Each structure stands twice: as C-alpha cells, then as structure tokens.
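> got a predicted structure here, sequence first:
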Amino acid sequence: MFARAAVRALTSQPRYFSTTAARNTKVVVLGAGGGIGQPLSLLLKTDPLVTSLNLYDIRGAPGVAADISHIDTPSEVQGFAADKLDEALDGVEVVVIPAGVPRKPGMTRDDLFNTNASIVRDLASAVGRVAPTAHVLVISNPVNSTVPIVASTLAKAGVYNPARVFGVTTLDVVRAARFTAGLAGVHPNDTPVPVIGGHSGTTIVPLLSQSVHGKGIKGEVYDKLIYRIQFGGDEVVKAKDGAGSATLSMAYAGATFANALFRGLNGEKGVVTPTFVESPLYKDQGIDFFSSNVELGVNGVEKIHPLGPLSAEEEKLLAACLPELKKNIDRGRAFVESS
Ligand code: NAD
Ligand code: LMR
C-alpha cells in the first residue's frame, strides 16, 4: 500500500493520524496524464489523508481519473480537460505540479527551462487567481528555477506566502537513503541522509556525515556515492534512452513528500524533511531559496532547521553548490520579471 516506510525514514514522526481524526484535504495534480502524473495520482488515491483528488492535464486527465476513481479508497476523483484549469483548482488546498517536459540523454535540467518556465508560470498564475491560499509542490524541472518562478508569479499576483511553496527534492533523499543502505548493508529505513542545496548535479549536497550509516564511508567509495546521488537522474535518463527521465521513483518521492505535508497540515508535530523553500540560510549571499530540513505544520513551513555540523568535504560540496544555485534562482526570477 502507501509508502509509509520512506515517510518513516524521512521524518521524525513516523505514523499517520487515524483517518477519522484527519481534516479534509483536497488536492490537484497539474500534469496528471504524464509519466510522473499517473503513478503519483495513483499513490495519492491510496493516501488516507487525501479526501478529494482533482486530475488536470492538457491531455488525457479525464481518462486517468476514470481509471483511478475505481480504486476502493474513500477519496473522490475528478478529471479535468485542458480548458478546465480553473475548475480543477477550485477549492484545493494542495497543488502538485509535475507538468512539463523531461530530459533526454545529453540534456541538463537547465536545458528544460525554455519550455517548462512558461508552463509553470502559467499554472502558478492560475493558482494565484483561483486557489491563492493553496500549498504548491513543484516537481517540474529545473526545480532550482521553477520554484522561484512560482514564488515570483504568486508575488506578482499579491498572494505569495513563502510558507506554502515547496520544491520537491525528495527523490534526492530517497536515492541517498537507498544507495547508502546498499553500501552499508542495512535497510534504507535505517539510513536517512539529509540532502541540502538544490535539485541538479552539483547543487545536490548529501550530508553523509549526519547519517549513522553514511558517516563511516570514506575515500573513493565516498566520492562515488556522492556522485551517484548528485547524478542519479542521469542514470535513469541514460537507461530510458530517449523515453524520458525518472517517473516511478519520482511518483513515490512526490507522494512521500505530499504525505509529509498532509500530516503537518493535520497538526502532526515533528514532521521534518528536506525541501527547497524560501530560506534565510544563504540570503546574505543573495540566495533566497535553499533546500534543508524543514518542519512541516498546519501553516506549511513551520521551521527551517540549521544545517548542523558539516564535514570538510561537505563544506567543499556546498561551496560548489552555491554559485550555481544562485544562477538558477536568478534565471527563474528574471524570467517572471521580464514576462
Ligand atoms: P511527461 O512528459 O511524461 O509528462 C508531463 C505531462 O505534463 C504531460 O502529460 C503533459 O501533457 C503535461 N503538461 C504539459 N504542459 C502542461 C500544462 N500547461 N498544464 C498541464 N499539464 C501539462 O514528463 P514527466 O516524466 O512526467 O516529467 C515531468 C517533469 O518533472 C519534467 O520537467 C521532469 O524533468 C520533472 N522531474 C522532476 C523530478 C524532481 O525530482 N523534482 C524528478 C523527475 C522528473
Ligand atoms: C531526477 O532527478 O531524476 C529528475 O530531476 C529528472 C532528471 O531530469 O534527471
């Protein structure tokens, strides 16, 4: 059933509230017909904290919705065709955005900017108009730029609340746990690894020194593990050979992060997981968005945790991350300013 194991690994409060205690959570997936959108919608249908699930895409969402709606969980599912975006957003509390094109071999996430920036901006603009108080979970790449695009678009509409906009970096956390567990010969649930920074190549900074089973990994094995976590996306793009990027593991990661948010919104305490949000941590260096451990609660972002002690290697990784991250964020911001 639902991905409870990873939720356990990612957050310090590992259980669901009972469904009877839960408030209603109405969710929309924008891009629900796609490679991520379909399995993500399926997993959200199995999440007991979702009461109503709207599926929107420029193609195929009514069919996906009809299919998923037969699953015997209590949530109501509705599909919306291309011209029904406002109806799909009506009354939702959580918006999940996996809309946009994926990479092909040889491309960077930044190469997706020209296509995905306007898709995400236009969807964010509709969110600002129809569901201005919704929490927005951004999956579309390049996340380092699309999150600032969502924030700036909502700000332009006068409805931006930094506690409600999240870049979903959970796939990096999932990969870090899986790869580290494989090396350490332990269960991934026992190997949570905080991953900070952004979501692309060298902006992904795994903090193995803060992981019980990761901190003993050194030398060449450490270097290879870091590279694999940072460039795990490339592994999938290469293996899919032109047919796209990670979809199934991303759906799992997206549903895991969404569940953590639902639990926080429900009043559960101590739900902590990395996510890319507006953050004070590097604002003095002109970097307004950063992923680090964030406590989720009834208002969305409750508390941004400090990074904690970093090893010398992690300081170096961070030094490489920051300038690239700043460039990506500035590009997103500039795009909305010039729109
Ligand atoms: P896909 O092409 O299979 O699906 C994308 C879907 O978006 C399609 O169904 C398409 O019709 C839809 N779409 C396009 N424009 C739209 C619009 N204006 N409104 C609504 N829907 C629209 O791609 P995918 O494999 O599902 O990947 C989607 C995005 O997620 C890509 O940008 C990819 O790079 C990104 N991604 C992010 C992560 C992450 O960790 N954050 C992981 C994997 C993929
Ligand atoms: C990933 O990390 O798998 C995604 O960001 C998709 C990609 O382009 O690699």
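Perfect, thanks for sending it. Bear in mind that the values here come from a model prediction, so they are computed numbers and not experimental data. Numbering: from 1, shown residues only. Ligands and ions are numbered 1, 2, ... in the order given.

> can we go C-alpha only for contacts and neighbour counts from here?
OK.

> just the closest residue of the stretch 1-150 of the chain to ligand 2, please.
Using C-alpha to the nearest ligand atom, the single residue of the stretch 1-150 of the chain nearest to ligand 2 is residue 103, 5.0 Å away.

> residue 70 - how many residues pack around it?
11 (other C-alpha atoms under 10 Å).

> is it in a helix, a strand, or coil?
Judged by DSSP: H, G, I helix; E, B strand; the rest coil, the three-state class of residue 70 is coil.

> same deal with residue 166?
strand.

> gap between the longest helix seen in the chain and the chain center?
Secondary structure of the chain read by DSSP state H shows that its longest helix is helix 312-337. Helix 312-337 sits 18 Å away from the centroid of its parent chain (C-alpha atoms, centre = their mean, to the nearest Å).

> where along the protein do the helices fall?
4-10, 37-45, 61-68, 85-89, 113-130, 143-156, 170-184, 219-230, 232-240, 248-265, 312-337.

> out of those, which gets the lowest mean score?
For the helices of the chain, mean pLDDT drops lowest on helix 4-10, to a mean of 44.

> so what's the residue in the chain that ligand 2 sits nearest to up against?
Proximity to ligand 2, evaluated over the chain using C-alpha to the nearest ligand atom, is greatest for residue 233 at 3.3 Å. Residue 233 is in contact with 245-246, counting by C-alpha atoms under 8 Å, 6 or more residues apart in numbering.

> which parts of the chain sit against ligand 2?
102-103, 109, 233-234, 245-246 (C-alpha under 6 Å from any ligand atom).

> identify the farthest-apart pair in those residues.
109 and 246 (12.4 Å; C-alpha to C-alpha).

> about what we covered before: neighbours of the residue of the stretch 1-150 of the chain closest to ligand 2, how many?
For residue 103, using other C-alpha under 10 Å, the count is 21.

> which residues does the nearest residue to residue 119 once chain neighbours are set aside contact?
Nearest residue to residue 119, sequence neighbours excluded (C-alpha to C-alpha, 6 or more residues apart in numbering): residue 100, at 6.6 Å. By C-alpha under 8 Å, 6+ apart, the contact list for residue 100 reads 31, 115-116, 119-120, 140-141.

> check contacts around the residue nearest to the spatial centre of the chain.
For the chain, the residue nearest the mean C-alpha position is residue 168 (1.1 Å; C-alpha atoms, centre = their mean). Residue 168 sits next to 137-139, 143, 254, 257, 275-276 when contact means C-alpha under 8 Å, 6+ apart.

> next one: it from ligand 1, what distance?
Here residue 168 is placed at a distance of 5 Å from ligand 1 (C-alpha to the nearest ligand atom, to the nearest Å).

> kindly report the same for residue 202.
14 Å.

> likewise residue 152?
For residue 152 relative to ligand 1 (C-alpha to the nearest ligand atom), the value is 18 Å.

> do I have it right that that residue meets residue 334?
No - counting by C-alpha atoms under 8 Å, residue 152 does not reach residue 334; the two are 9.3 Å apart.

> around residue 308, how many other residues sit close by?
7.

> er, residue 258 I mean
Quick note: residue 258 (other C-alpha under 10 Å) scores 25 neighbours.

> what does residue 119 give?
Neighbour count for residue 119, taken as other C-alpha under 10 Å: 17.

> so it touches residue 99, yeah?
Yes - between residue 119 and residue 99 a contact is recorded at 7.3 Å, counting by C-alpha under 8 Å.

> interface residues of this structure facing ligand 1?
So far as C-alpha under 6 Å from any ligand atom goes, the chain lies against ligand 1 at 30-31, 33-37, 57-59, 98-103, 119, 139-141, 168-169, 171, 244-247, 250.

> sorry, back to before: same for the longest helix of the chain, what does it pack against?
Here helix 312-337 touches helix 113-130, helix 143-156, strand 195-197, strand 204-206, going by 3 or more C-alpha pairs under 8 Å, 6 or more residues apart in numbering; DSSP states H and E.

> at 10 Å instead, please
Secondary-structure packing of helix 312-337 (3 or more C-alpha pairs under 10 Å, 6 or more residues apart in numbering; DSSP states H and E): helix 113-130, helix 143-156, strand 195-197, strand 204-206, helix 219-230, strand 289-297.

> relative to the whole chain's centre, how far out is the longest one?
Read that as helix 113-130. In this view, helix 113-130 has its centroid 16 Å away from the chain centroid, taken as C-alpha atoms, centre = their mean.

> buried sites along that helix?
Judged by neighbour count using 16 or more other C-alpha atoms under 10 Å, the buried positions of helix 113-130 are 113, 116-121, 123-130.

> and the furthest pair within those?
So, the buried residues of helix 113-130 by C-alpha to C-alpha: farthest apart are 113 and 130, at 25.1 Å.

> including distance to residue 195, could the helices of the chain go into TSV?
Output for these, formatted as TSV (distance: least, C-alpha to C-alpha, whole Å):
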stretch	distance to residue 195
helix 4-10	11
helix 37-45	22
helix 61-68	33
helix 85-89	31
helix 113-130	23
helix 143-156	14
helix 170-184	6
helix 219-230	9
helix 232-240	13
helix 248-265	14
helix 312-337	11
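
> mind checking which of the ones you listed is nearest residue 306?
Closest to residue 306 of the helices of the chain is helix 312-337 (C-alpha to C-alpha; 14.1 Å).

> that'll do, ta.
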